[in-house]
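> Any chance you can model this:
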Amino acid sequence: MVADGSHLHLWHLSDGTGLHAPYGELVVEDGTGQLCCHFCGRWFVWLGAHVRVHGTTAERYREDLGLCRGDPLTASSLSTTIAARQKLAYGRSREVRERFAVGQQLARDGVLGKMTASRRVMTPDPPGAIARQRQALEDGRVTMASRRQTSRDALIKESGAPDLATYLRARYAQGANLGQLADETGLGRSRLRRAMDEAGIVTRGSGVNTAAGKRSRAIAAEAVAARRVETDNLRTWLRARRAESWTLQRLGAAVGHSGHWVKWRLAADASKDQTTPADSRAHHA
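Okay, the predicted model is just below:
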């Protein structure tokens, strides 16, 4: 480490230019999240702006140093701050929304996608950078799979079932459908079907459910949802949170269902409330 906070050249470009960070790699400082400049070895929150002092641009910097075009040249903390400010400005300013509207329309029409694909053909990312990016994606998939497995193991243990097969048999018998089981276990539909086949579960055919069966499963689903939010009255809980301006998506995430399910549940309750005593007597007559 030298006096200005940088470090000595340990790497070099093919033309002999000394580098303070490996070619094709962004080095991030632990704790601060700042990025190391390959040319001078100092650390910056906004490296993309700094590289101008070296007579280059952010785009050229990525190209010369073997980085992918999508590699951010800002610290994650700054990126988060910028995103928050932009979101706030978008919500407050009609002018900002109108400026974004042009790009949003181009994206919906597929124009931006075609432009991006064309640019990739003209100036592809360095092979090494692509390989590193793919490896990072694969590492991310492995991490997510491990987290889902840990969550699934905890779910099965909490239910008292000895294994996944027993858990699936019990939940399916209680009326859980494939969508609910997929959400609970974190398994994709194809993997879930294989697990159910291995557990010896014969799935219900489409269109063969009786009204009583549907009602039973609906009651079971509501009971599970109520337990998730620790309430004895799901109807009252949903209404209270909705009055507090909770979105349908937030409510769905809380009770373990989709926003559409919550909307259906609230609508069903509202229709019950609108039933008059005379209607009720006529129904039971």
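
> Off-centre distance for the host helix or strand of Q104?
Using DSSP states H and E, the element containing Q104 is helix 94-108. Here helix 94-108 shows a centroid-to-chain-centroid distance of 24 Å under the convention C-alpha atoms, centre = their mean, to the nearest Å.

> Packing partners of that helix?
Packed against helix 94-108, as judged by 3 or more C-beta pairs under 8 Å, 6 or more residues apart in numbering; DSSP states H and E, are the following elements: helix 76-92, helix 111-122. For every residue, glycine as well, the C-beta is placed using N, CA and C.

> looking at these, which has the lowest confidence?
Taking the mean pLDDT of each of the helices and strands packed on helix 94-108, the lowest value is held by helix 111-122, a mean of 73.

> Look at D71 and say how many residues are nearby.
The tally of other residues near D71 (other C-beta atoms under 10 Å) stands at 19.

> can you check H20 too?
The burial metric for H20, expressed as a neighbour count using other C-beta under 10 Å, is 18.

> Helix, strand, or coil at the nearest residue to it once chain neighbours are set aside?
When the adjacent residues along the chain are set aside, H20 lies closest to G41, with 3.2 Å between them (C-beta to C-beta, 6 or more residues apart in numbering). In the three-state summary, G41 is assigned as coil, counting by DSSP: H, G, I helix; E, B strand; the rest coil.

> what's the neighbour count on G41?
Using other C-beta under 10 Å, the number of residues around G41 comes to 21.

> do the one 10 residues further on as well
Around V51 there are 24 other residues, counting by other C-beta under 10 Å.

> Check what pLDDT it gets.
Reading off the per-residue confidence, V51 sits at a pLDDT of 94.

> okay, and for this structure, where does confidence drop off?
Low-confidence regions of the chain, defined by pLDDT under 70, span residues 1-9, 119-125, 205-214, 216, 269-285.

> hey, where'd the helices end up in it?
Taking DSSP state H, the helices of the chain run over residues 47-50, 58-64, 76-92, 94-108, 111-122, 127-159, 164-173, 178-185, 189-198, 211-228, 234-243, 248-255, 259-273, 277-284.

> To S14, which of these lies closest?
Put simply, out of the helices of the chain the one that sits nearest S14 is helix 58-64, at 10.8 Å, with distance taken as C-beta to C-beta.
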